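Peer 1: Predicted coordinates and the sequence they were generated for:
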Amino acid sequence: MEQAPPIGVILRFFLMVPFFGVLFSLFMFYSGSDMLVPHGPSAAAAVHLLFLGVIAMAMTGSLFQMLPVLAGVVIKVPTRHATAVHLLLTTGTMMLVWAFISFEPAAYALAGLLLGSAVFWLALLMLPPLLRQRDAKDTVRGMQIALASFAVAVLLALAMLYMFAQGEMSVSHEAIRASHYSFALVGWMGMLIIAVAFQVIEMFYVTPPYPGFCKKWAWAILFASLMLKMIWLIFSLPYAAVFDTFIAVTLLGFAVITFRRLSQRKRPVADATVWFWRMGMALLLLAVLGWFCYTVSGESALIPMMLVAYGGFALSVVFGMMYKIVPFLVWFHLNSQGYFDAPVMTEIISPKRAKLHVYLALMSFLFLFGSFEFDVLLPWAALAMLLSFMLLGMNLLSAANVYRRKRKSGTPMDLSAFSDMSMKS
Amino acid sequence: MHVIELDVRIFEHPVPLEKAIAAFAALTQGEVLHMIHRKNPLPLFDILGKQGGRYRSYEDENGIWHILIARDPAVDLESLDV
């Protein structure tokens, strides 16, 4: 923690979340129900706006913050690295969305270059020190796999972008695409959320820890399933869906145990972050149940519903984590500088405004699910989503303002009355 | 030497940190804060280190963490038995 990066390193990523969220909401208005057509260009643009611009951005910021605390990984000159990754990820995401909308070969190539650079920069920066951790287990192992999966997902994406830029498809295109989204959705996002949950659910909400077998095996089952699925798909071997079953059952187990843990809190006071975790787990359950129904029925209309539920799961957890991390960062950095009269964490972002965000997010998901049956609900989903992200933006900016104002007008407390001698043991 | 006990085991994050920092800022000469926590609070140590605080932490056989905090350089945390 002594190596915690400056607050700006994390906030620059977090502030992109409402920015891309607003773009995503506007895109919902613009594309309408085209966005819900599986594999269509609008769906691809929307999915990448959400998963790269919003969720991956938040996760990258969180990694910069959590690696020193949870894994003891020290990132030297974090501001320089964060600036580079942030710029590459932001411009790359925008270029990719433009490529999906415009079908410009040059845009695909440039997006690949920018996003590939962003993710490999991140992986090269964080993976080697993570891999050097002695006796890595649970959370650290999950982080290693998550980052490695992100890199694999991007490698597969680069192969597809190359094909798009060339205007020709390989015979393995479908296998590459399925492996790409499996590694991105499960290996990167799912794994990182699970790994972080092992630490933070117990710590933030005073619950019993996750069962030992769950911590020990979850990452191994997911990673092995993803790798085997990719091999099975590329070589067109039969029964590849078996690996999806392992993944689905693991995610189901994670959601059920997390629900149970949240109900076992010692002080059952539910703030917005608890509701975001609950909403996330409910959406994850819905995504997994949707997958089971799809496997049994073969009904392709279930695919976008599963994706919406899975995206909602990741988004809810991201929202919940941001409402924990941002007030903590503001409080921590002010107290580190001696501003002991800084507001307490619950005053940095108003609990009422955070709760309002829960309702708006819930409404946006409900409208979105409803729009699968009634098209007329889609603009309402977009509106609720737009308001949800605008509120998040206001909440984050108000927290940043608390920090800025205190730094500008406050005076650090003088605690040097006894001595300036400082020892640690 | 006066030991002030602060048991934060039942509180959810971030309350333990806030309580510990408030108690640390109020410590006077000869006083020691004995924080009892379910975790080793690494972020707290960072703040203490930067603000001239001194600390010693250890985990007992029940997995409970004891954190001794002082501002007074005359206080010998190593020999304190709590």
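Peer 2: Received it, and whenever you're ready, just let me know what you need. Residues are numbered from 1 along each chain as shown, chains lettered A, B, ... in the order given.
Peer 1: Does chain A have contacts with stretch B:44-63?
Peer 2: Yes - Stretch B:44-63 comes into contact with chain A (C-beta under 8 Å from any C-beta of the partner chain), by way of B:45-47, B:49-56. (Each C-beta comes from the backbone N, C-alpha and C, glycine too.)
Peer 1: among these, which ones are buried?
Peer 2: Among those, those buried by neighbour count (16 or more other C-beta atoms under 10 Å in any protein chain shown) are B:45-47, B:49, B:51-56.
Peer 1: Reformat those as TSV; add distance to residue A:278, secondary structure and pLDDT.
Peer 2: Output for those, formatted as TSV (distance: C-beta to C-beta, whole Å; DSSP: H, G, I helix; E, B strand; the rest coil; pLDDT from 0 to 100):
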residue	distance to residue A:278	secondary structure	pLDDT
B:45	32	helix	90
B:46	31	helix	87
B:47	32	helix	90
B:49	37	helix	87
B:51	37	coil	86
B:52	42	coil	85
B:53	38	coil	89
B:54	41	strand	90
B:55	36	strand	93
B:56	39	strand	93
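Peer 1: In terms of distance to residue A:235, which of those ranks first?
Peer 2: Checking these against residue A:235 by C-beta to C-beta gives residue B:46 as the nearest, at 50.6 Å.
Peer 1: Quick check: residues of chain B near chain A?
Peer 2: Applying C-beta under 8 Å from any C-beta, one finds that chain B approaches chain A through B:10-14, B:17-18, B:21-22, B:25, B:29, B:38-39, B:42-43, B:45-47, B:49-56, B:71-74, B:77-78.
Peer 1: Of the buried ones among the residues of stretch B:44-63 next to chain A, just say which sits nearest to residue A:190.
Peer 2: Distance to residue A:190 across those (C-beta to C-beta) is lowest for residue B:46, with 31.0 Å.
Peer 1: from memory that closest one sits against residue A:4, does it?
Peer 2: Yes - between residue B:46 and residue A:4 there is a contact under C-beta atoms under 8 Å: 6.7 Å.
Peer 1: Kindly list the longest helix within chain A.
Peer 2: Looking across chain A with DSSP state H, the single longest helix is helix A:302-336.
Peer 1: and after it, which helix or strand comes next?
Peer 2: Downstream of helix A:302-336, the first helix or strand assigned by DSSP states H and E is helix A:345-348.
Peer 1: Share the number of residues neighbouring residue A:373, please.
Peer 2: Neighbourhood size, residue A:373 [other C-beta atoms under 10 Å in any protein chain shown]: 8.
Peer 1: Next: residue A:91.
Peer 2: 16.
Peer 1: My assumption is that it lies in a strand; please confirm.
Peer 2: No - under DSSP: H, G, I helix; E, B strand; the rest coil, residue A:91 falls outside any strand and is assigned helix.
Peer 1: where does it land on pLDDT?
Peer 2: With respect to pLDDT, residue A:91 scores 98.
Peer 1: Can you name the residues that contact it?
Peer 2: residue A:114 (C-beta atoms under 8 Å, 6 or more residues apart in numbering or on different chains).
Peer 1: again, only using 10 Å
Peer 2: By C-beta atoms under 10 Å, 6 or more residues apart in numbering or on different chains, residue A:91 lies in contact with A:110-111, A:114-115, A:117-118.
Peer 1: Can you add pLDDT, secondary structure and distance to chain B and give those residues back as CSV?
Peer 2: Formatted as CSV, the contacts of residue A:91 follow (pLDDT from 0 to 100; DSSP: H, G, I helix; E, B strand; the rest coil; distance: C-beta to the nearest C-beta, whole Å):
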residue, pLDDT, secondary structure, distance to chain B
A:110, 94, helix, 40
A:111, 94, helix, 38
A:114, 96, helix, 34
A:115, 95, helix, 33
A:117, 96, helix, 32
A:118, 96, helix, 28
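Peer 1: List only buried entries from the residues you listed.
Peer 2: By 16+ other C-beta under 10 Å, the contacts of residue A:91 give A:110-111, A:114-115, A:117-118 as buried.
Peer 1: pretty sure residue B:73 contacts residue B:54?
Peer 2: Yes - counting by C-beta atoms under 10 Å, residue B:73 does reach residue B:54; the two are 7.4 Å apart.
Peer 1: and residue A:394, what element?
Peer 2: Per DSSP H and E, residue A:394 falls inside helix A:378-409.
Peer 1: Also residue A:355?
Peer 2: helix A:351-371.
Peer 1: got the angle for that helix vs helix A:302-336?
Peer 2: Helix A:351-371 and helix A:302-336 are oriented at 170 degrees to each other (axes from the mean of the first three to the mean of the last three C-alpha atoms, to 10 degrees).
Peer 1: Check which helices and strands helix A:351-371 sits against.
Peer 2: Helix A:351-371 sits against helix A:16-31, helix A:272-297, helix A:302-336, helix A:378-409, with contacts defined as 3 or more C-beta pairs under 10 Å, 6 or more residues apart in numbering or on different chains; DSSP states H and E.
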